[in-house]
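Below: sequence and its predicted model.
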Amino acid sequence: MPDLVVQSRLPNLWLATWENVIVMSYASAATLNDFPESLRVTDEVLRRHPRYGTLAIADSKVGLPDAETRKRSAEELTAAAARQNVCMAIVLEGEGFWQAASRAAMTGMLMLSRDKV
C-alpha cells in the first residue's frame, strides 16, 4: 500500500500526497503565500497521474481567508488543473451551529465554483 508523503510544512498549511490525492491540512485561514506551494504539489501529482482528488482538513479555529485570497482561490478552481480534479472533500473540524453553518457555506461555494469548470 502506498504511503502518505508530506510534501510541505508551511506555517498554516501542511501538504501531503497519497498516490493521486492531495491532502491539505489548515491550522489557520489560507493566505496568498500558500498558492505557490499548493500549485507546485498539484503540478507534481499531475506529472504522474491524469486526474487527482483533494482532501482539505480545516481546524475548528480556521477563519475565512481574506477577499484577495478568496478571489485567487476561485480563479485557481477554474484553471486548467481544476478540470483534472475529479473529487474534493473538505473536513471542517468541530461541532455546533457555527461549524454547521460553515459547512453549508462551503458546500454552496464549491457548487458554484464547479459550475465554471
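On my side now, so go ahead.

in the protein, which residue is closest to the centre?
Centroid-nearest residue in the chain, with CA atoms, centre = their mean: Ala56, separated by 4.7 Å.

Now for the closest residue to Met24 other than its chain neighbours: which residues touch it?
In space, not counting the residues next to it along the chain, Met24 is nearest to Ala56; the distance is 4.5 Å by CB to CB, 6 or more residues apart in numbering. Just so you know, the C-beta spots here come from the backbone N, C-alpha and C atoms, and that holds for glycine as well. Residues near Ala56 by CB atoms under 8 Å, 6 or more residues apart in numbering: 23-26, 88-91.

distance of Ala56 from Met1?
Noted for Ala56: a distance of 22 Å to Met1, by CB to CB, to the nearest Å.

what stretches of the chain score poorly on pLDDT?
Counting by pLDDT under 70, the chain contains low-confidence residues at 77-82, 98, 102-103, 105-117.
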